[in-house]
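1. sequence first, predicted coordinates after that:
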Amino acid sequence: MKTLNKDATKNSAVVKGLTTLLADTYALLGQTQVAHWNVEGPAFFSLHIAFENQYNELFPAVDEIAERLRALDELAPGGLKTLASLSSISELPIEHMPAKDLVAHLIECNEIVVATSMELRKASEEAGDLETQDMVIARIQVHEKALWMLRSFLKNL
C-alpha cells in the first residue's frame, strides 16, 4: 500500500531539504559543543551552561530529522565526513578566542539552519507534506529563540 505522504515527497525538494537540515543541525550540534568546551573568560559559567543546554536540545532534533527521512522511505546520511560535505556550516578554529567570537559563530550557524528550515518549510508546503512542515516550523522556533538569546549576549559589548 502506498501512502500519500510518501508519494508526495519521494525524490523531491523535501528529501533534499531534510538531508541538508540534518547535516546543518548535526554541524551546529558539533560547533555548539566545541564552544561549550572551549569558552573562557568572565562569562564562562553562563555561556558554558547555555551552550550545553543548546547542544542537548539539538541531539534529539538530529534524530527526529533523520527519522523523518526514514518515514519517507529515504536513507539518512551519516558519518562526520558525509554530513560535513552536505552542510554549509563552517568549523571553529581550535584556538583561544574571546567568548563573543564563539557566540557570533553560533549566531551565523543558527542563521544557516533557519534559512535551510525556511526553504524546507516552503518545499514541504508545496509537496503537501504537512508532517514535515510541522516539524520544521517547530525547529525554526527553537533556532529563533537561540538566536535571540545569543544576540542578547552580544548587546552592549
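-> Happy to help now that I have it.
2. for this protein, which element, helix or strand, carries the lowest mean pLDDT?
-> Lowest by mean pLDDT, DSSP states H and E among the helices and strands of the chain is helix 4-9, with a mean of 50.
3. roughly how far is the next helix or strand after it from the heart of the chain?
-> With elements assigned by DSSP states H and E, the helix or strand that comes after helix 4-9 is helix 13-38. Here helix 13-38 is found 4 Å from its chain centre; the criterion is Cα atoms, centre = their mean, to the nearest Å.
4. quick one: residues contacting the residue nearest the centre of the chain.
-> Central residue of the chain (Cα atoms, centre = their mean): Thr25, 2.6 Å from the mean position. Neighbour list for Thr25: 58, 61-62, 65, 113, 139 [criterion: Cβ atoms under 8 Å, 6 or more residues apart in numbering]. (C-beta placed from N, C-alpha, C; glycine too.)
5. ok, now Glu111?
-> Leu147.
6. what do you get for Asn38?
-> Per Cβ under 8 Å, 6+ apart, neighbours of Asn38: 92, 94, 96-97, 102.
7. low-confidence stretches in the protein?
-> 1-11 (pLDDT under 70).
8. just the ones of the contacts of Thr25 in helices?
-> Among the contacts of Thr25, the members falling in helices (DSSP state H) are 58, 61-62, 65, 113, 139.
9. hmm, which of the residues you listed are the buried ones?
-> With neighbours counted by 16 or more other Cβ atoms under 10 Å, the ones in helices among the contacts of Thr25 contain buried members at 58, 61-62, 65, 113, 139.
10. so which of those residues is the closest to Leu154?
-> Nearest to Leu154 among those is Val113, at 18.3 Å by Cβ to Cβ.
11. residue contacts, the closest one?
-> 21, 24-25, 28, 89, 139, 143.
12. tell me the two of these that are most distant?
-> Greatest spacing in those, by Cβ to Cβ: Ile89 and Arg139 (14.9 Å).
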